[in-house]
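In: Here is my input; please provide its structure:
(chains A and B)
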Amino acid sequence: MAKSQISMTVNGKTVEALVEPRTLLIHFLREQLNLTGPHIGCDTSHCGACTVDLDGKSIKSCTMFAVQANGADIRTIEGMATADGTLHALQEGFREMHGLQCGFCTPGMIVRAYRLLQENKNPSEDEIRMGISGNLCRCTGYQNIVKAIQYAAAKLSGVPFQEAAE
Amino acid sequence: MIPGSFAYHRPTSVSEAVSLLNELGEDARAIAGGHSLIPMMKLRLATPEHLVDLAGLKDLKGIRADGGDIVIGAMTTQHEVIGSDLLGAKLPILREASLQIADPQVRYVGTLGGNVANGDPGNDMPAVMMCLGAAYDVAGKAGNRRINARDFYQGAYFTALEPGEIVTAIRIPAPPAGHGYAYEKLKRKIGDYATAAAAVVLTMNGGRIATCSIGLTNVAETPLWAEEAGKILAGSALDAATVKKAVAAAEAITSPASDRRGTPRYRTKMAGVMLARALARAKARARA
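Out: Have a look, this model is predicted:
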C-alpha cells in the first residue's frame, strides 16, 4: 500500500515522515519518533495510557491513524518539562503527592491533566475525577493522583497547596 | 493490534466524498471520529480497503439555528456539543446525554454524526434523536434527502442509509422554552454502553403533561421510540398509577439481548426504572 507523506509539530519540533495509512499514531510516536512516554496499555481505547495532546484536545493515540494527525500540533509527556529539565507543575505534583506507583499510567494522566487544567484552572475534586475518567490507574486508587492535580492547579495559580482534611 | 492495509482518502467537499464512496464501492468506508471503526479495524472485524476521512469537510461542522430548528453538522464532536451555548439554551438534553458517552478523550474526537449514523444499538444519541423527532440530512449520488430519526434504524448496524450515502447534518426541532428533559443511563462504569437508558422530553400545562416523548437506548436491536408510553402520560399529572402504566407500555416494546450487562428481563426492568427516573426529573425541570 502506498505510503503517505505527513508533517506535524511534536513537542515544538516539525516532523516529516512517510507512513503507511494503517500506522496508528501511538506506533508512529513510539517507533518512528522514539517517543516512548505515551504507553500502549489496553490497545482498545479504554485505558488512556496512550493519551497525547493534539490541537488542544486530549486524544487516545491508539485510536487515531498517524495520517489523520497530518498538520497537527502534538504534545507528549516528553514535551512537558522545560529544556533545562525543570519539571512541569503537574510532574512536580505527581512527585510530591506520590501520584504514581508503577508509573505506567502516569504519562497519559499528566498529559490529560494538562488539558484539563488549561480548560479549568481551578477544578473541584469531582471535576478532576470526571476529567481523568478516561485514564485508568491500577495501583493508586486515584487518591494521590487527584491530590497531584490539585497541587499543580494551586501551583499554576500561584497559591500554596493545602491538602483537604481526610 | 495493527489494522489491515487500506488506502487513505481525504476529500475536501461533500460531493467529492460522495463520489469517492460511490466510485470505491463496498470496499470503502467513511470515517468520522473513528472511535467505533478504528477499534473494529484493529480487531480485523472491519477490513476496508479504502478509508474516506470526512474530517476535511468544513460544511459538516458547526451548530446553528434555522427558524425553529437547530442544525448540527455531522462532524460536530461530542465535546463541541457539550460546550455549545446555543445547545445549552435550546436543547440541554444533548449536553446531558453527551456527558454520559464514553470518556473525555473519546468525546473530543467522537462525532454526533458518527454516533447517530453507525446504527450501533449501544449508542446514546439515536434514542435521544428519536425522542426529539430529529431528522438526518443525507447526501448521496442520487442527491440529498432527509430521513426522520424514527424511520432510520432497521436493525443492529442496519439503517436507512444506502451504500455511498453519508449523514451531513442533524436537524432537530427545538422543544418549546420551559420544556422538561432528562437522559437517564444505567451503566456499569465510565465508558460503558447502557445496560438501559431513557430519554424524556415533556411539556407541562397547568400541572399536567401536555406532551411527552420517550426514547430508549440499548434494549433492542435498534433504539426505540416509546410512542404508546408517551401517549399514556399526556394529560396526566404524572401520578404513580399512570407512570406505572406508561412504564409497562415502554417495557413491552423492549427485546434486549443477554450480555454481561444483564439478562433480558433485568435490562427490560432497568429500562422501566430509567424511564420513571427520567420522567420525574424532566417534570421537576419543566416550567408551567
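In: The nearest residue to B:D27 once chain neighbours are set aside: neighbour count?
Out: Closest residue to B:D27 apart from its sequence neighbours, by CB to CB, 6 or more residues apart in numbering or on different chains: B:E49 at 4.0 Å. All C-beta spots, glycine's among them, are computed from the backbone N, C-alpha and C. Number of residues near B:E49 (other CB atoms under 10 Å in any protein chain shown) recorded here: 15.
In: Could you count how many residues lie near the residue of chain B at minimum distance from chain A?
Out: Going by CB to the nearest CB, chain A is nearest to B:D103 of chain B, at 3.0 Å. B:D103 has 23 neighbouring residues, counting by other CB under 10 Å.
In: Give me the pLDDT value at it.
Out: Note on B:D103: pLDDT of 98.
In: Please verify my assumption that it contacts A:G134.
Out: Yes - between B:D103 and A:G134 there is a contact at 3.0 Å, judged by CB atoms under 8 Å.
In: Report the set of residues contacting both of those two.
Out: Common neighbours of B:D103 and A:G134, counting by CB atoms under 8 Å, 6 or more residues apart in numbering or on different chains, are A:G48, B:I190, B:G191.
In: need the contact list for the first one.
Out: To tie it back to what came earlier, the one meant is A:G48. Contacts of A:G48 by CB under 8 Å, 6+ apart are A:G41, A:K60, A:C105, A:G108, A:M109, A:R112, A:I132, A:G134, A:N135, A:L136, B:D103, B:Q105.
In: Spatially nearest residue to A:S157 (excluding sequence neighbours)?
Out: Using CB to CB, 6+ apart, the nearest residue to A:S157 is A:K121, at 6.1 Å.
In: distance of the one you found from chain B?
Out: 16 Å (CB to the nearest CB, to the nearest Å).
In: what number of residues lie near that residue?
Out: 10.
In: Name the SS class of it, please.
Out: Taking DSSP: H, G, I helix; E, B strand; the rest coil as the rule, one finds A:K121 in the coil state.
In: wait, doesn't it sit right on A:L156?
Out: Yes - if you go by CB under 8 Å, A:K121 and A:L156 touch, sitting 7.0 Å apart.
In: can you map out the helices along the chain?
Out: Just going to use chain A. A:25-27, A:89-96, A:106-119, A:125-131, A:143-156 (DSSP state H).
In: my bad, the chain I had in mind was chain B
Out: B:14-24, B:37-42, B:78-83, B:85-90, B:92-98, B:104-109, B:112-117, B:125-132, B:149-152, B:227-233, B:240-252, B:264-285.
In: Any residues of the stretch 101-250 of chain B in contact with chain A? List them.
Out: B:A102, B:D103, B:P104, B:Q105, B:V106, B:Y108, B:V109, B:I190, B:G191 (CB under 8 Å from any CB of the partner chain).
In: let's go with 6 Å and repeat that
Out: Counting by CB under 6 Å from any CB of the partner chain, the stretch 101-250 of chain B comes close to chain A at B:D103, B:P104, B:Q105, B:Y108, B:V109, B:I190.
In: The last one reaches A:S133, doesn't it?
Out: Yes - if you go by CB atoms under 6 Å, B:I190 and A:S133 touch, sitting 4.3 Å apart.
In: Common neighbours of these two, please.
Out: Any residue near both B:I190 and A:S133 by CB atoms under 6 Å, 6 or more residues apart in numbering or on different chains counts here, and that gives B:D103.
In: residues near B:R95, how many?
Out: 16.
In: my read: it touches B:I82, true?
Out: Yes - at 5.3 Å, B:R95 counts as touching B:I82 under the criterion of CB under 6 Å.
In: residue contacts, the residue most central in space within chain A?
Out: For chain A, the residue nearest the mean C-alpha position is A:V111 (2.1 Å; CA atoms, centre = their mean). Neighbour list for A:V111: A:T51, A:V52, A:D53, A:I77 [criterion: CB under 6 Å, 6+ apart].
In: Against chain B, how distant is it?
Out: Taking CB to the nearest CB, one finds A:V111 at 10 Å from chain B.
In: all strands for the stretch 101-250 of chain B, in order.
Out: B:135-140, B:143-148, B:153-155, B:158-159, B:166-173, B:180-186, B:196-205, B:208-217, B:224-225 (DSSP state E, counting those that start in this stretch).
In: Nearest to A:A66, out of those strands?
Out: strand B:166-173 (23.8 Å; CB to CB).
In: Which elements pack onto the closest one?
Out: strand B:69-73, helix B:112-117, strand B:135-140 (3 or more CB pairs under 6 Å, 6 or more residues apart in numbering or on different chains; DSSP states H and E).
In: Just the buried positions in it, please.
Out: B:I166, B:V167, B:T168, B:A169, B:I170, B:R171, B:I172 (16 or more other CB atoms under 10 Å in any protein chain shown).
In: Of those, just say which sits nearest to A:L116.
Out: B:I170 (28.2 Å).
In: contacting residues for the closest residue to the closest one other than its chain neighbours?
Out: Excluding its sequence neighbours, the residue lying closest to B:I170 (CB to CB, 6+ apart) is B:I72, at 4.7 Å. Applying CB under 6 Å, 6+ apart to B:I72 gives the contacts B:I63, B:L112, B:I170.
In: Many thanks, I have nothing further to ask.
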